[in-house]
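[1] test case, fold it:
(one chain, ligands or ions: 2)
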Amino acid sequence: MDQDKHTGLRTGGCQCGQIRYALTAPVVDLYVCHCRQCRRQSASAFGISVILPADGVRLLQGIPASWSRPTSTGDTLECAFCPTCGSRLWHRSARDGTFSVKGGSLDEPVDLTTASHIWTAEKLPGVILPERAACFDGEPPAPSLK
Ligand SMILES: [Zn+2]
Ligand SMILES: [Zn+2]
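    Ligands and ions are numbered 1, 2, ... in the order given. All right, here's what the predicted structure looks like:
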């Protein structure tokens, strides 16, 4: 199910299917983040951050668990995940309520062609950055909610 059959909105969820959500606003920004925090969080090579405004995510099913952590820019992130399978779903800014949906949780594959690559100073050796991608050594001008 790539779209909610009632609303036509883009949908996503955790690995076990207990938590389901829909995007209720257009995507603001798309980042591939190579920072240490995103590598830890995803237990993989990088994080995918799909940025949405404060009203941009609607919970359809299940109740996510969460924990909070400070960011390098002085914000606090509420990090939501499935209490059963542990999939991270989104990070929410305490400062302005914006969301960073974790890209791999969306049903429809995220097109990374136009993504900005950020925190490239911390990327894993052997990860190749796309030739024409916008790249930033650290935090980009707009917040990434990493
Ligand atoms: Zn789950
Ligand atoms: Zn990051």
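[2] rest of the way, CA atoms for contacts and neighbours
    Fine.
[3] hang on, Leu106 packs against Thr11?
    Yes. Applying Cα atoms under 8 Å as the test, Leu106 and Thr11 come out as touching, 6.1 Å apart.
[4] show me what contacts the residue nearest to the spatial centre of the chain?
    Centroid check for the chain by Cα atoms, centre = their mean gives Lys102 as the closest residue, at 2.7 Å. Lys102 is in contact with 47-50, 88-91, counting by Cα atoms under 8 Å, 6 or more residues apart in numbering.
[5] so what pLDDT did it get?
    On pLDDT, Lys102 comes in at 97.
[6] if I look at it, how far off is Ser87?
    Lys102 sits 9 Å away from Ser87, going by Cα to Cα, to the nearest Å.
[7] what do these two both touch?
    Joint contacts of Lys102 and Ser87 (Cα under 8 Å, 6+ apart) do not exist.
[8] against Cys14, how distant is the residue nearest to the centre of the chain?
    10 Å.
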